[in-house]
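Colleague: Here is my input, please return the structure:
(2 chains)
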Amino acid sequence: MRAGDLDAYAELVRRHAPMAVRTAALLGAGPDAEDAVQEALVKAYRSLGRYRDGAAFRPWLLRIVANETRNQHRSAVRRGAREHGVSLPPELIDPGEEVADRERKEQLLTAVSLLPDRFRTVVTCRYLLELDEAETAATLGLSRGTVKSRLHRGLARLREQLAAEDREADHV
Amino acid sequence: MSDPLETSPRENAELATALRELARDLRTPAPGPGLVDEVLGRVAAPGPAGSRRRARWLAPVVAVLLATGLGVSPVGAKVAEWLDFAGVMVRESDSGQESGPPGTPTVPAEPTATAATGATFRPLVPTALGEPDGLSVGADGRLVSMSWTQRGRTIRIDQFDAGLDPMFWKSAPDAVLVRVAGSDALWFPSPHEVVVTPEGDGPEAYPPRLAAHTLVVPLGGLTVRLEGDLTLRRAVRIAGSLE
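Modeller: Sure thing, here's the model as predicted:
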């Protein structure tokens, strides 16, 4: 696609905006997800000259979205809005869920949001956004080997965290 | 150091399955209706790179200002971010006080059809609650308030003609983005102050008061705020029954 072809770009935006907003929201943009996506879509348009024909558009765009989400999170932290973790409120979970399932899922979601960034981002892309390993690598700008090892270590970290919480709950 | 991965591939696989199930239950906001136009407007316009065309907050005749905790400690209130929602502004501030019950409209109950004659629009009524016990229409006809009191608990619904300006979201610590009837809505799980202001710089039309749990949802060109001692689930159910 030629840079400047606005109609074609509008179609791409329509097609990919839902996934872009979901990516920003789950990577921690919270209510600013759409802002992050709007910035990313503008930057993507201006970077179309660097986009290689034949490369998949979605991971290329998601990488810009992920970067923009990180930038916004950093500036929010600088403003003192949030110091720790990212915004993955339990309200993201479908309110129709049964209570027992819901508690378990809220616990899991919280555990993901508390992971160190290097694990949280790969676990989120691979499992919550359901990207494959290659797309996860492209979105986060990592090698596939790094994605694999961080996934495994991230899952192990999550299990430790969940087990520790269960032990705590047993002692209450 | 042993790698936990090598020792527990089965547990990792189970956790991966649990995460995929979680993913299917996660509801994230849909792109706003103005996103494509906003983006195209920005990339088509010459001008400084990165200049953000911000959605403008349109002051309709009635605007509702929601401020978490503001008013209780106005000096200490830290206004950090603004959140605009067709006719509703939200600002972040210190919070942490108890809310009182929602105020009830002062005008005695009248049949909805009669009250509607004073309004500039046909107010929605939730079938989940039936006809309201209390009802009032603002002097300019752009704000309609209803209330229901059951077993000492009051639920209040305010609705106003908010126009269809682009929505603009900013972070607020307690406001949560949810989906109601296919629209983005805002849920306030903690007490916050509500101030209703007329257009322009005129005096406040209603005294500020502290609100309970509130759901703000745009419906058919109106903005509806639903307030009371409610869970999110019940609030969504009531909002979904408005017709």
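Colleague: Counting neighbours, which bits of the lengthiest helix in chain B end up buried?
Modeller: Criterion DSSP state H: the longest helix present in chain B is helix B:9-25. Residues of helix B:9-25 classed as buried: B:N12, B:L15, B:A16, B:A18, B:L19, B:L22, B:D25 (neighbour count, 16 or more other C-beta atoms under 10 Å in any protein chain shown). The C-beta positions use only the backbone N, C-alpha and C, and glycine is treated the same way.
Colleague: which residue sits closest to B:V224, ignoring its sequence neighbours?
Modeller: Once flanking residues are discounted, B:V224 sits nearest to B:Q159: 4.5 Å by C-beta to C-beta, 6 or more residues apart in numbering or on different chains.
Colleague: That neighbour and B:L124 touch, don't they?
Modeller: Yes - counting by C-beta atoms under 8 Å, B:L124 is a contact partner of B:Q159 at 6.3 Å.
Colleague: In terms of neighbours, single out the busier of the two.
Modeller: Ranked by neighbour count (other C-beta atoms under 10 Å in any protein chain shown), B:Q159 and B:L124 place B:Q159 first, with 23 against 19.
Colleague: Now the more buried one: phi and psi?
Modeller: The phi/psi pair for B:Q159 (degrees, to the nearest 10) reads phi -140, psi 140.
Colleague: again, but for B:L215
Modeller: The phi/psi pair for B:L215 (degrees, to the nearest 10) is phi -120, psi 130.
Colleague: Give me the buried stretch members for stretch A:33-48, please.
Modeller: A:33-45, A:48.
Colleague: Redo those as a markdown table? Include pLDDT.
Modeller: Converted to a markdown table, the buried residues of stretch A:33-48 look like this (pLDDT from 0 to 100):
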| residue | pLDDT |
| --- | --- |
| A:A33 | 89 |
| A:E34 | 90 |
| A:D35 | 89 |
| A:A36 | 92 |
| A:V37 | 94 |
| A:Q38 | 93 |
| A:E39 | 92 |
| A:A40 | 93 |
| A:L41 | 92 |
| A:V42 | 90 |
| A:K43 | 88 |
| A:A44 | 88 |
| A:Y45 | 85 |
| A:L48 | 77 |
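Colleague: Filter those to keep only those in contact with chain B.
Modeller: Filtering the buried residues of stretch A:33-48 for proximity to chain B by C-beta under 8 Å from any C-beta of the partner chain leaves A:A33, A:E34, A:D35, A:V37, A:Q38, A:E39, A:L41, A:V42, A:Y45.
Colleague: gap between the fifth one and A:L12?
Modeller: Translated: A:Q38. Computed as C-beta to C-beta, to the nearest Å, the A:Q38 to A:L12 distance reads 14 Å.
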